[in-house]
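In: Below are the sequence and a predicted model; questions follow.
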Amino acid sequence: MTSEKSSELNSRLNSQHESQLNRHEPVMLNEIAQCFTTVPPGVVVDATFGLGGHAKAILKANPSIQILGLDQDADAIANAERMIVDDASLRGRLTVRRVRFDSLNAVLEELSIKEISGALFDLGVSSPQLDIAERGFSYRNDGPLDMRMDQRGELSAADVVNSYQESELAGIITENADEKFARRIARAIVAARPISTTTHLAEVIVAAIPAPARRTGGHPAKRTFQAIRIEVNKELEILARALQVAIDATKVGGRVAVLTYHSGENRIVKQVFRSSEKDADEQKIGSPFVHESQLGTRRVHRVRVAQYPSEHEQTQNRRAKSARLRVIEKALAEARG
């Protein structure tokens with residue numbers, strides 16, 4: 001690519017990014033901000049910073065906290081740095097790092113943070129990633145098969161689509177998306193290789209699904225694109241351990257909130273939260289964030305059952321339709337006799 005074309009592409013991407021900033025609607029914004037109004041002073045980790053909408057709302061709702069924002073996407077970090085430059089109120093209250101959220105332990109050690117006041121995980125793909133065709137996440141926009149949240153990553157959607165064996169493809173489409181036509185789709189993908197664009201892949205998927213099934217349940221390619229994205233970014237593999245680190249690091253009175261968007265994420269969050277609702281003895285031994293003297297004195301409890309966006313929000317914000325919010329809080333347990 002010539003420097004002139006590269007400059008033109010960067011200019012277009014920046015323009016698209018600015019447009020996203022202006023119309024971005026964070027899911028369950030008020031509910032998330034309210035969730036952190038009662039946490040003790042300290043650092044709240046926004047493990048999926050994105051465009052920073054949730055982070056800004058949390059900072060506004062609770063003046064006694066700071067935000068540590070994590071994101072593996074270079075665009076998200078660049079946006080955060082612009083936010084800090086443009087908004088003086090964020091200086092000293094917002095710190096960002098370009099890492100995947102399963103690096104939380106290392107970042108806390110780097111910054112000498114012993115405990116946090118809470119953490120937010122807004123899972124899945126962000127609106128800019130979907131809407132910028134060159135990122136390759138969307139079946140609606142023609143672009144290269146990429147889907148890497150971290151552009152430094154080696155594995156792309158093109159690698160998965162064009163090099164995985166048929167059985168491997170069927171497996172990830174089933175496991176990551178509960179797609180009942182996974183085998184048919186995998187067979188069609190292998191037969192259509194090489195596939196290099198998102199629209200070509202979408203066409204192959206749609207053709208593989210029986211006509212009656214194509215008429216219900218949204219775009220026929222949605223689940224397969226989700227499954228491939230999850231595989232490229234190893235999203236489910238890293239979620240459980242990242243959540244556990246966040247829970248272990250959270251101080252008494254702190255909260256961990258998670259927004260999920262599909263059944264695979266939701267199952268993992270439920271399992272981790274359920275196992276964390278035990279007394280500290282079993283689950284905290286070996287954690288670098290819990291001193292021996294604290295064992296048996298702290299526990300985790302659910303703040304509420306899963307919460308869903310309002311009907312109004314689901315109508316106004318397409319991404320909110322499948323969202324679920326789960327929250328747990330670290331609390332003192334009664335002393336044992």
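Out: Perfect, thanks for sending it.
In: quick one: stretch 261-268 to chain centroid distance?
Out: From the chain centre to the centre of stretch 261-268 is a distance of 11 Å (CA atoms, centre = their mean, to the nearest Å).
In: With stretch 206-223 instead?
Out: Distance of stretch 206-223 from its chain centroid, counting by CA atoms, centre = their mean, is 25 Å.
In: Give me the buried positions along it.
Out: By neighbour count on 16 or more other CB atoms under 10 Å, the buried set for stretch 206-223 is V206, A208, I209, R214, P220, A221, K222, R223. Where you see a C-beta, it was placed from the backbone N, CA and C, and this is true even at glycine.
In: Apart from its neighbours in sequence, what residue is nearest P40?
Out: Excluding the flanking residues, the one nearest P40 by CB to CB, 6 or more residues apart in numbering is G253, at 4.6 Å.
In: tell me the SS of that neighbour?
Out: strand (DSSP: H, G, I helix; E, B strand; the rest coil).
In: That one: neighbouring residues, count only.
Out: Around G253 there are 16 other residues, counting by other CB atoms under 10 Å.
In: Could you verify my assumption that it touches T38?
Out: Yes: counting by CB atoms under 8 Å, G253 does reach T38; the two are 7.4 Å apart.
In: before we move on, back to that, kindly give the local confidence score, pLDDT, for the residue nearest to P40.
Out: pLDDT recorded at G253 is 94.
In: measure P63 to T37 for me?
Out: To T37, P63 is 10 Å away according to CB to CB, to the nearest Å.
In: More neighbours: which of those two?
Out: When neighbours are counted by other CB under 10 Å, T37 comes out ahead of the other of P63 and T37, with 12 against 9.
In: quick one: pLDDT of that one?
Out: 97.
In: Where do the helices of the stretch 201-337 of the chain begin and end?
Out: For the stretch 201-337 of the chain, the helices defined by DSSP state H, counting those that start in this stretch occupy 211-214, 222-233, 235-249, 263-276, 280-284, 311-316.
In: Just the strands from this structure, written as ranges.
Out: Here the chain has its strands, by DSSP state E, at 42-46, 65-70, 94-97, 116-122, 250-260, 298-302, 324-332.
In: List just the one of those that sits closest to L155.
Out: Taking CB to CB, strand 65-70 is the member of the strands of the chain nearest to L155, at 20.4 Å.
In: Flag the shaky bits of the stretch 1-150 of the chain, pLDDT-wise.
Out: Scanning the stretch 1-150 of the chain for pLDDT under 70 picks out the ranges 1-24.
In: sorry, back to before: could the helices of the stretch 201-337 of the chain be laid out in a markdown table, adding mean pLDDT?
Out: A markdown table is the format used below for the helices of the stretch 201-337 of the chain (pLDDT from 0 to 100):
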| stretch | mean pLDDT |
| --- | --- |
| helix 211-214 | 92 |
| helix 222-233 | 96 |
| helix 235-249 | 95 |
| helix 263-276 | 93 |
| helix 280-284 | 46 |
| helix 311-316 | 94 |
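In: Most tightly packed of those?
Out: For the helices of the stretch 201-337 of the chain, the largest average neighbour count (mean count of other CB atoms under 10 Å) is found in helix 222-233, namely a mean of 24.
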